[in-house]
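Engineer: Below: sequence and its predicted model.
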Amino acid sequence: AIERTLSIIKPDAVAKNVIGKIYDRFESAGLKIVASRMAHLSQNEAEQFYGVHKDRPFFKDLVNFMISGPVMIQVLQGEGAIAKNRDLMGATDPKKAEKGTIRADFADSIDANAVHGSDAPETAAVEVAFFFPGMNVFNR
Ligand code: CMP
């Protein structure tokens, strides 16, 4: 099915000047960028966005990292977009990510791991609406 997924290029990858290289991975895989904006998240926004992780030990570091610089936020659309984007990203921990994935090629640590991508249709809908509230998602 044609899906939409929320993607974030994190502060480490923005600082490395690889937004275009990462966009090329999306486009070369057949994912279309149907919305995008750059933002420097507030602490409140980062805490809300990652609310599901609020009781995890890494929550504070995650939030502090995500507000350490600007991020590039986009909605990717295409056939099986959610899984396709996760394949392109590779494992959360770049040390475990397969060669040729975004995290293997551009990320340094599990916190500074270059990109975020929604993990399921339910979270994709919530995450897209969080950053692009004007964008209705009717994908079924
Ligand atoms: P992301 O896909 O953005 O979702 C939550 C983030 O928390 C994850 O990528 C990692 O950057 C970060 N994180 C740090 N430690 C862990 C961990 N032990 N397990 C999962 N995510 C972690």
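Structural biologist: Ah, there it is. Note that the coordinates shown come from a computational prediction; the quantities given were computed from them, not determined experimentally.
Engineer: Ala114 is in contact with Ala97, isn't it?
Structural biologist: No - applying CB atoms under 8 Å as the test, Ala114 and Ala97 come out as separate, 9.5 Å apart. C-beta: built from backbone N, CA, C; applies to glycine.
Engineer: How about the secondary structure of the residue minimising distance to the centre of the chain?
Structural biologist: Geometric centre of the chain, nearest residue: His116, 2.5 Å, by CA atoms, centre = their mean. Of the three states, His116 takes strand according to DSSP: H, G, I helix; E, B strand; the rest coil.
Engineer: if I look at it, how far off is Gly30?
Structural biologist: According to CB to CB, to the nearest Å, His116 stands 20 Å off from Gly30.
Engineer: try Ser42
Structural biologist: In terms of CB to CB, Ser42 sits 34 Å off from Gly30.
Engineer: Neighbour count: the two, which is higher?
Structural biologist: Here Ser42 and Gly30 are set side by side on neighbour count (other CB atoms under 10 Å), and the busier one is Gly30, at 13 against 10.
Engineer: Confirm for me that the more buried one is in contact with Ala81.
Structural biologist: No - using CB under 8 Å as the test, Gly30 is too far from Ala81 to be in contact (9.0 Å).
Engineer: Quick one: list the elements packing against whichever helix or strand Lys60 is part of.
Structural biologist: Under the criterion of DSSP states H and E, Lys60 resides in helix 59-66. On a contact count with 3 or more CB pairs under 8 Å, 6 or more residues apart in numbering; DSSP states H and E, helix 59-66 meets helix 11-15, helix 43-49.
Engineer: Is it possible to get TSV of those helices that adds distance to the ligand and mean pLDDT?
Structural biologist: Below are the helices and strands packed on helix 59-66 laid out as TSV (distance: least, CB to the nearest ligand atom, whole Å; pLDDT from 0 to 100):
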stretch	distance to the ligand	mean pLDDT
helix 11-15	10	98
helix 43-49	9	98
